[in-house]
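Undergrad: What would the 3D arrangement of this be:
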Amino acid sequence: MTAAIRDAPVRRIVALVLLGFVLVNGGYDLGRAAFGPKRGEDFAAYYIVGRDIRSGYAHDIYDPVDTVDRRARAYGVRGIAVPEGGQAEAGVAPTVKRDKVQLYVYPPPSALVFVPISFLPYRVAVPVFFLLSLLAEVAAIWLFFADHPRVSRRTATIIGIGAMVVFFPSTYGLYMGQINPLVFLTCIAGLWAMRRDRPVLAGALVAIATAAKLYPGILLVLFLVRRQFRALAAAIATGAALFLVSLPVVGWNVWHTYLTKVVPEHNKVNVWVRNQSISGFLGRLLIKNPYVKSLGDHPSAAHALGTALGLAVLLVVVVFVVRGRGPRLDTNLEWATFLATAVLILSTSWEHYAIFLLPAFFVVGEHVAARVRDGTRHVEVIAFLAAVAFSVWAFVLKTGAEYLALPKSLVANPIYSVKFFATVLLVGCCLAVLRSQAEPHHGVKATAVPPRNAA
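TA: Residues are numbered from 1 along each chain as shown. Predicted structure coming up:
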């Protein structure tokens, strides 16, 4: 009996069990993303801005919501229908209202990207954008593992896609029609270019990603820390070019509005439960809000403390990267660490932003897999913490109803920010890997270990 157990194809059985889980859980979440009642809610703003540029309203893309909503109706776009008064009784139709459309809050150059898709009817554009976004996520994972040996590349890519399918932030972004999958692909393409010793292309891609959403700009700090000045110069030059290209289309007044009104507004502390950053956690803890009891009402303190802690976290990451650099390190780890740090320290970090945590999970998982036979205790700790962090982000508090069911007492406050704490764990795991990979192991000098893809 014992011999039979030893001879059983355990790994194949485990793989089949995991495959079944991915197909059921991932298929369910993808189904909700494709057909849920709020699908494409954020994409509506992208479609509208594309139509605005085509219709002569390029100078008005940051108009107030009432004005934008009137134009949206002319384009065949209406806000998401929501039931009033909670859940309807069985067999009784709920009273329904329609929210106004979401406002466009991204940098002006990104608005030009949405002109082509705005030529499609809105009902066609929504599923087309969904498919493009899904393909972008798959392509990003393929590019991330493209430097692996051919033997392990396919397995790593399949595991990565499986992780992506069951990872709530990725399917949530698809559901909302977010631009994050395209920004994610652009960042990973920049990583791919850097691994292939093409820093100019890498810098240009990071600039393009930053022109869509500002937080990939954290990679400019990595360029500076790593003294990758060609990449930094390329990013700055590309950013300047995007500014000049957008200026004749939208005009300086749009840029002025974006810099003086849109950016400051989104730099404020946001206490909504789906803001899972340092600022979101401190906001719910220190500012009176409708979700959970707080320690009084101190918005200035929450903003100041959130800014200070964010800068402190970034400084710690920079110190680990500078001191930990060695021939054992690779570019994947450094980019993954900085992207995860961005999710942590942003003033507003919605849950769909956490798709940028996937590279960190991948590099930590690879480190654990490579060192599992060592029997060292720190690898076990890293594996446990990373598994907890992934599980929290993938499976906990997916729907708004789950948040509404939480207790409202002060001691329950950390539960509302459990995904923030999961990100803290993940960044900590990345720092531990940074430190451990820079050290020699088993008496072998670190210089004797060839780098895999150091840039």
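
Undergrad: only C-alpha atoms for contact and neighbour calcs from this point on.
TA: OK.

Undergrad: What are the boundaries of the helices in the stretch 201-350 of the chain?
TA: 218-225, 229-250, 252-257, 263-266, 278-286, 299-324, 331-345 (DSSP state H, counting those that start in this stretch).

Undergrad: Report all helices and strands that the longest one contacts.
TA: Contact partners of helix 299-324 among helices and strands, from 3 or more CA pairs under 8 Å, 6 or more residues apart in numbering; DSSP states H and E: helix 218-225, helix 278-286, helix 331-345, helix 418-437.

Undergrad: How about residues contacting the longest one?
TA: In other words, helix 418-437. 276-278, 281, 317, 320-321, 324-326, 328-329, 333, 337, 340-341, 343-344, 357, 360-361, 364, 367, 382, 385-386, 388-390, 392-393 (CA atoms under 8 Å, 6 or more residues apart in numbering).

Undergrad: ok, now with 7 Å
TA: Contact partners of helix 418-437, identified using CA atoms under 7 Å, 6 or more residues apart in numbering, comprise 276-277, 320, 324, 328-329, 337, 340-341, 344, 360, 364, 382, 385-386, 389, 392-393.

Undergrad: Residue 151 - how many residues pack around it?
TA: Other residues lying near residue 151 total 8 when counted by other CA atoms under 10 Å.

Undergrad: Which of the helices or strands spans it?
TA: Element membership of residue 151, judged by DSSP states H and E, is helix 150-166.

Undergrad: With residue 63 instead?
TA: Counting by DSSP H and E, residue 63 is found in no helix or strand.

Undergrad: One more: the one 10 residues further on?
TA: Secondary-structure element containing residue 73, defined by DSSP H and E: helix 65-74.

Undergrad: For the most centrally placed residue in the chain, which three-state class applies?
TA: Centroid check for the chain by CA atoms, centre = their mean gives residue 353 as the closest residue, at 2.9 Å. Assigned by DSSP: H, G, I helix; E, B strand; the rest coil, the conformation of residue 353 is helix.

Undergrad: need the contact list for it.
TA: Residue 353 neighbours (CA under 7 Å, 6+ apart): 169, 180, 343.

Undergrad: Now render those residues as JSON lines, adding neighbour count.
TA: JSON lines is the format used below for those (neighbours: other CA atoms under 10 Å):
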{"residue": "169", "neighbour count": "25"}
{"residue": "180", "neighbour count": "24"}
{"residue": "343", "neighbour count": "28"}
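
Undergrad: average pLDDT for stretch 291-310?
TA: Averaged across stretch 291-310, pLDDT comes to 96.

Undergrad: again but with stretch 316-331, I slipped
TA: Taken as a whole, stretch 316-331 has an average pLDDT of 75.

Undergrad: From the opening residue of it to its closing one, how far?
TA: 18 Å (CA to CA, to the nearest Å).

Undergrad: ok, so what distance separates residue 407 from residue 216?
TA: As judged by CA to CA, residue 407 and residue 216 stand 35 Å apart.

Undergrad: for residue 285, same thing?
TA: For residue 285, the distance to residue 216 - CA to CA - is 27 Å.

Undergrad: Spit out the contact partners of residue 169.
TA: 351-355.

Undergrad: What ranges does the stretch 1-150 of the chain have for its strands?
TA: In the stretch 1-150 of the chain, the strands defined using DSSP state E, counting those that start in this stretch lie at 81-83, 96-98.

Undergrad: From the recorded domain assignment, give the ranges for the protein.
TA: Domain assignment for the chain, taken from automatic domain parsing, gives 1-40+121-266, 270-440.

Undergrad: Any idea how far the first one is from the middle of the chain?
TA: Right, the one you point to is domain 1-40+121-266. Chain-centre distance of domain 1-40+121-266: 8 Å, with CA atoms, centre = their mean, to the nearest Å.

Undergrad: So residue 403 sits against residue 413, correct?
TA: No - the pair residue 403 and residue 413 fails to qualify as a contact (CA atoms under 7 Å) at a distance of 11.4 Å.

Undergrad: More neighbours: which of these two?
TA: residue 413 (20 against 16).

Undergrad: Could you give the average pLDDT over the one helix or strand that one maps to?
TA: Here residue 413, judged by DSSP H and E, is contained in helix 413-416. For helix 413-416, the mean per-residue pLDDT is 95.

Undergrad: Could you list every helix and strand in contact with that helix?
TA: Of the remaining helices and strands, none touches helix 413-416 by 3 or more CA pairs under 7 Å, 6 or more residues apart in numbering; DSSP states H and E.
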